[in-house]
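Visitor: Predicted structure and sequence below. I'll ask about it afterward.
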Amino acid sequence: MEAAAQPQAARRRPHVVCLGGGFVAVYLVKALKRAVRRREIDLTIISRENFHTFHGFVPEMLGSRIQSGQVASPARRLFAPARFHNAEVEAIDLDRRIVTTSRDLDGRQFEVPYDHLVFGLGARDDLERYPGLAEHGLVLLGYADALRARNHVIGILEMADMEPDAEERARLLTVIVVGGNFGGVEVATELDDYLRSMAGREYPRLEPHEVRVVLVHPGEHILEELSVRQPRLQRWAQDFVTGRTGVELRLGRRVSAATPTEAVLDDGERIATRTIISSAGTAQSPLFDTLPFERDERGRIVTDPFVKIPDASNVWAGGDCAAVPHPRGGANPQLALYAMATGWRIGRNILRTVRGRPLQRYRFTELGDACSLGRRRAVAHIRGVGITGFPAWLAWRGLLLLFMPSVDRRLRLVLDWLVTPFVGRDVARLHLDEAMAVRREVYEAGQDIVTQGDIGRRLYVLQSGEAEVLRVNGEGAEEVLAHLGPGDHFGEISIFEGSRRTASIRATTRTQVLSLGRDAAQHLSAASQPIGAHLRHGPGNRDTTTEDGTP
Ligand SMILES: Cc1cc2nc3c(=O)[nH]c(=O)nc-3n(C[C@H](O)[C@H](O)[C@H](O)COP(=O)(O)OP(=O)(O)OC[C@H]3O[C@@H](n4cnc5c(N)ncnc54)[C@H](O)[C@@H]3O)c2cc1C
């Protein structure tokens, strides 16, 4: 293991290390900038990405109002004069005061010693919330996730435009958004606006009315955060969404399963779709499971009113990963302004510790909230004053712009806003080559995993559940040829012989499969003679199948 390169004479000055390059880090740097320049302390920011992601603009990115790169500000410019360490945080040794990181290329490890440690790791999506979410849901927490979702959305327009089958076309044009919080509402309304405006314009064979965006939310209203303090705004927003956009609301409902072709709701409704975007529920870094800190019901690290972790020496936590006591009771919500305020307070309190002064309590309560509703409309309240419609939308954009941390991205955003109305929204799909990809997929009972006659692009290994092999006979009736269980694989004939699928495989229970792209399967087969022989053979020689084999 390598000791990471340290600032010169680092050990003579207190070394502050911040884990995570989000808003906590941005405001920590602001609070400590002068002390770093005066060489009173050293500051290192560690993050797995070398940019800061501004989540507030992700809905505009999905709706192609702005270019994708505008939400990502370069870390080195943003965090100067702090040092930046671009790596994954792997472990924390609280006794030795060492953070272990690993680099992306080959996992090589580094040790970073600290005197003060700040947790600003944000939150991550809880992909275990329902079966199939990890395999078929799109999430929006990281930049790569948002880019993948954007490309997927453009992909469905392309595929729907050339799809002759009405059922599949409807499935392609149906988008499910899970979670009626600020993020979910913004994403649903922005996508509804984008897809409808692209249909008929860029995609002349599609009609705007064919687009269906369904927002599924477990609560009685959307934007429940607003109901308590701004019930008028909440009602206005809900009336606008139901009356003026095409978004369908499913309130009091949850998604209970996701498959490649449908979302299953907890009341049994099945909605045919190729797109499920999840904006609800967050989980915490698995690193926290190795640490002795108290956690709240959401898994966040509990801090004291000084934003310090009790009973830990010089360890602090802020933003989405911390339950910081809100001055009016309860804990801070997981919102950007609170991450900024806690990052700032931690920085000031670290300085006070270094200078031997008493700590100050965290005091920030709120500035306001704003939620865009697509079609240049929003609801917003600033210091208790509520506004709706177009003025609120302007205020929403203005507020977000104000908090965009880097000046160059601010300028680029304004340019995009000025240019897009004239040149139109982008529909370039930055396709990522997934030929080698290995994926997990989930199917519900009755769903086809592969269909007879299709061109086979993937090889499947059944991990859990059961399926049957079916072939349509001369009279057009389906015959069951075999039953498959965990460990069986299928799809090899079309992968290795280049023919079409010779039978269908249908799940008879909830079934999880591992699927390998054709290139990956062929390389694996070529690399090892025994594996290749096994894969090519298929399950036809096992007693679960007939001699007909599988597709
Ligand atoms: C789609 C979406 C829309 C949102 N819209 C709004 C909005 O309109 N208004 C609002 O106030 N809030 C909004 N939020 C919430 C807001 O973005 C967060 O509250 C805020 O970003 C939290 O800041 P943070 O510094 O705590 O964490 P983050 O900004 O999430 O930063 C966490 C950092 O930790 C790094 N990291 C995590 N684990 C590791 C590791 N093991 N090793 C190295 N680095 C690691 C990440 O790369 C990242 O740099 C939205 C969130 C999402 C997902």
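Guide: Arrived safely. Treat the numbers as computed from the prediction; the structure is a model and nothing was measured. Numbers count the residues shown, from 1 in each chain.
Visitor: Would you mind measuring from residue 249 to residue 220?
Guide: Between residue 249 and residue 220 the computed distance is 11 Å (CB to CB, to the nearest Å). In this view, the C-beta of every residue, glycine as well, is placed from N, C-alpha and C.
Visitor: Tell me which of these two has more neighbours.
Guide: When residue 249 and residue 220 are compared for neighbours, residue 249 comes out ahead with 18 against 10, by other CB atoms under 10 Å.
Visitor: Nearest spatial neighbour of the more buried one, chain-adjacent residues omitted?
Guide: The spatially closest residue to residue 249, leaving aside those adjacent along the chain, is residue 215, at 5.4 Å (CB to CB, 6 or more residues apart in numbering).
Visitor: Which pLDDT value belongs to the closest residue in space to residue 336 that isn't next to it in sequence?
Guide: In this structure, residue 336 finds its nearest non-sequential neighbour in residue 23, 5.4 Å apart by CB to CB, 6+ apart. Predicted confidence (pLDDT) for residue 23: 97.
Visitor: dump the residue contacts of residue 23.
Guide: Applying CB atoms under 8 Å, 6 or more residues apart in numbering, we find residue 23 in contact with 52, 120, 319, 336, 339-340, 343, 405.
Visitor: Tell me the spacing between it and residue 284.
Guide: Using CB to CB, which is the criterion applied here, residue 23 is 17 Å from residue 284.
Visitor: Now the element after the lowest-mean-pLDDT helix or strand in the chain, going C-ward?
Guide: When the helices and strands of the chain are compared on mean pLDDT, DSSP states H and E, strand 2-3 comes out lowest with a mean of 70. Next along the chain after strand 2-3, taking DSSP states H and E as the criterion, comes strand 15-19.
Visitor: Show me what that following strand is packed up against.
Guide: With contacts defined as 3 or more CB pairs under 8 Å, 6 or more residues apart in numbering; DSSP states H and E, strand 15-19 has these neighbours: helix 23-37, strand 42-47, strand 116-119.
Visitor: can you list the ones you listed in a markdown table and add distance to the ligand?
Guide: Compiled in a markdown table, the helices and strands packed on strand 15-19 are given as follows (distance: least, CB to the nearest ligand atom, whole Å):
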| stretch | distance to the ligand |
| --- | --- |
| helix 23-37 | 4 |
| strand 42-47 | 4 |
| strand 116-119 | 9 |
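Visitor: Which one of those lies nearest to residue 470?
Guide: With respect to residue 470, and counting by CB to CB, the nearest of the helices and strands packed on strand 15-19 is strand 42-47 at 49.8 Å.
Visitor: Tell me the helices and strands packed up against the helix or strand that comes right after the closest one.
Guide: Proceeding N to C from strand 42-47, the next assigned helix or strand is strand 51-53, under DSSP H and E. Based on contacts counted as 3+ CB pairs under 8 Å, 6+ apart, the elements that strand 51-53 packs against are helix 23-37, strand 72-74, helix 75-79, helix 143-161.
Visitor: quick revisit: ok, the residue nearest to residue 249 - how many residues close by?
Guide: One way to gauge burial is a neighbour count; for residue 215, by other CB under 10 Å, it gives 28.
Visitor: Unless I misread the structure, it falls within a strand.
Guide: Yes. Assigned with DSSP: H, G, I helix; E, B strand; the rest coil, residue 215 falls within a strand.
Visitor: what residues are up against it?
Guide: 177, 180, 184-185, 188, 222, 241, 247-250.
Visitor: what do you get if the cut-off is 10 Å, keeping everything else the same?
Guide: Applying CB atoms under 10 Å, 6 or more residues apart in numbering, one finds that residue 215 lies in contact with 175-180, 184-185, 187-189, 191-192, 222, 241, 245, 247-251, 253, 277, 279.
Visitor: Equivalent analysis for residue 264, please.
Guide: Taking CB under 10 Å, 6+ apart as the definition of contact, the neighbours of residue 264 are 130-132, 255-258, 270-271, 444.
Visitor: Now the helix or strand encompassing residue 190: average pLDDT?
Guide: For residue 190, the host element (DSSP H and E) is helix 182-198. Along helix 182-198, the predicted local confidence has a mean pLDDT of 95.
Visitor: Just want the angle from it to helix 143-161.
Guide: Our comparison of helix 182-198 with helix 143-161, counting by axes from the mean of the first three to the mean of the last three CA atoms, to 10 degrees, yields an angle of 30 degrees.
Visitor: ok, helix 182-198 near the ligand or not?
Guide: Yes. Interface with the ligand: helix 182-198 contributes 182-183 (CB under 6 Å from any ligand atom).
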